[in-house]
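>>> Sharing a model prediction with you, sequence too.
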Amino acid sequence: MRLKIITSNPGKVREFHHALGSLGLDIEHANENCDEIQADTLEEVVLSCLAQLRFRELGDYVLDDSGLFINALGGFPGVYSSYIFRTIGMNGILKLLDNINDRSAYFECCIGCSFRGEEFVVWGRCDGSIGMHPSGTDGFGFDPIFIPSDYDETFAEMSIDKKEAISHRGRAIRELAIALEEKI
Ligand code: ITT
């Protein structure tokens, strides 16, 4: 079975390839444009993208909206994670947390899927905390500053297999695989 992954983020493509490839799904990257609306939740963004892509005859596809939610900052950057990563970046986030004791945070991933004309959404979450400085070179985005709960290394210090086993995206992709199996 072939599934397109619609994203501009090569890090996501790599993780989808890795996770779905091992489930026997063929993944093809498509750089289809979707205007990300300003919304309060990842799900609203995903539903809007599914609606925008509905009539483009793309076949079966998935898209992913994800974000880093920092508790002491009221969930910021959350749905604005992409913009914040490109602007103030990891060091800006670390500065915002200067002198703040509660460094707890979580990543959330919302995947929208259009399969045989039916649309559905699945989620995954990973709890953790923000490190004191960036560490590690693997992964993408905020990986060097995110330490998942019960681990003492960042996502960027982990192999792709290890990150996939516990990450928000790994969890959402496993939900996706279960949902697809029920539909085949
Ligand atoms: P597309 O919308 O084209 O898929 P994007 O990078 O803009 O690509 P998002 O809107 O979902 O994706 O932005 C989420 C941002 O959150 C992303 O740019 C990263 O900086 C960060 N992010 C999401 N998942 C992450 C992960 O697994 N590890 C580290 N950072 C992540």
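Sure, I can see it. Numbers count the residues shown, from 1 in each chain.
>>> any idea what sits nearest residue 9, other than its immediate chain neighbours?
Leaving aside its sequence neighbours, residue 9 sits nearest to residue 140 (CB to CB, 6 or more residues apart in numbering; 7.0 Å). (Each C-beta comes from the backbone N, C-alpha and C, glycine too.)
>>> Kindly apply the preceding question to residue 75 instead.
In space, residue 75 comes closest to residue 69 once its chain neighbours are excluded; the distance is 4.5 Å by CB to CB, 6+ apart.
>>> Next: residue 85.
Using CB to CB, 6+ apart and skipping residues adjacent in sequence, the residue nearest residue 85 is residue 141, 5.6 Å away.
>>> Hmm, the residue nearest to residue 9 is touching residue 10, no?
Yes. Contact criterion CB atoms under 8 Å: residue 140 and residue 10 qualify, at 7.4 Å.
>>> quick one: which of those two has more around it?
Shown here are residue 140 and residue 10; by other CB atoms under 10 Å, residue 140 has more neighbours (15 against 10).
>>> Provide a list of residues in contact with residue 6.
Contacts were defined as CB atoms under 8 Å, 6 or more residues apart in numbering; by that measure residue 6 touches 30, 31, 32, 34, 49, 53, 58, 61, 62, 63.
>>> one more time with 6 Å, if that's ok
30, 32, 61, 63 (CB atoms under 6 Å, 6 or more residues apart in numbering).
>>> The residue nearest to residue 75 pairs with what?
According to DSSP bridges, the partner residues bridging residue 69 are residue 77, residue 106.
>>> What is the neighbour count of it?
When neighbours are counted by other CB under 10 Å, residue 69 registers 20.
>>> how far away is it from residue 24?
For residue 69, the distance to residue 24 equals 33 Å [CB to CB, to the nearest Å].
>>> What of residue 106?
30 Å.
>>> Doesn't the residue nearest to residue 9 lie inside a helix?
No. Using DSSP: H, G, I helix; E, B strand; the rest coil, the assignment for residue 140 is coil, not a helix.
>>> Now do the SS call for residue 122.
Here residue 122 is recorded as strand under three-state DSSP.
>>> With adjacent residues omitted, what lies nearest to it?
Nearest residue to residue 122, sequence neighbours excluded (CB to CB, 6+ apart): residue 175, at 3.8 Å.
>>> Counting neighbours, what do you get for the one you found?
By the criterion of other CB under 10 Å, residue 175 has 16 neighbours.
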